[in-house]
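Student: What follows is a predicted structure for the sequence shown.
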Amino acid sequence: MCCNGLKSCEIFATHMVFTDPCVGIYKYLAISYFCFPPEIRSSLVCEQETNYLKCEVGTAIHIHSASYGRTDSGTCSTGRPASQLAKTDCYALNSQTVVANGCEGKNSCSILASNGVFSDPCVGTFKYLYISYSCASK
């Protein structure tokens, strides 16, 4: 389960959500998180979808972070076989650069979440593009 970009979320600490590394032993889940200030926006799209960023008139996009790949098994998982969701430690190293080159300083932009744009950091895995950005005065 991924909570990125949500104001709140619920995660169940069960072996159905996470693997069971030691059967029969009591386990617990510790979570660290941080909240972006209200001026930080986020946008997430699944592979082969277009991510549209837009700021108010007189402001420009400033990219804080971008990641194309897969870092959890829950995001963009609907209807996907488990084999396409299993690898959760991959992201294109050029994600931030590609998004910044296409969007930084513009009032609006669009980026296709695809291997053709970012490269393929994990062949056979269904990926997604997550971007955090803000709108600053020009």
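Tutor: Yes, it's here. Residues are numbered from 1 along each chain as shown.
Student: Tell me where this protein has strands.
Tutor: For the chain, the strands defined by DSSP state E cover 41-46, 50-54, 59-70, 90-91, 108-112, 128-137.
Student: Make JSON lines out of the ones you listed and add mean pLDDT.
Tutor: Formatted as JSON lines, these follow (pLDDT from 0 to 100):
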{"stretch": "strand 41-46", "mean pLDDT": "95"}
{"stretch": "strand 50-54", "mean pLDDT": "97"}
{"stretch": "strand 59-70", "mean pLDDT": "95"}
{"stretch": "strand 90-91", "mean pLDDT": "93"}
{"stretch": "strand 108-112", "mean pLDDT": "97"}
{"stretch": "strand 128-137", "mean pLDDT": "94"}
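Student: residues of stretch 100-110 that come out buried?
Tutor: A100, G102, C103, N107, C109 (16 or more other C-beta atoms under 10 Å). Placement of C-beta: from N, CA and C, glycine included.
Student: Now for the fourth one: which residues touch it?
Tutor: Shown in contact with N107 (C-beta atoms under 8 Å, 6 or more residues apart in numbering): K54, C55, V57, T59, A60, I61.
Student: now the farthest one out in this structure, which residue is it?
Tutor: G24 (33.5 Å; C-alpha atoms, centre = their mean).
Student: Which other helices and strands does the helix ranked longest in the chain contact?
Tutor: Ordering each helix of the chain by length in residues (DSSP state H) puts helix 95-103 first. Where contact means 3 or more C-beta pairs under 8 Å, 6 or more residues apart in numbering; DSSP states H and E, helix 95-103 is packed against strand 59-70, strand 108-112, helix 115-118, strand 128-137.
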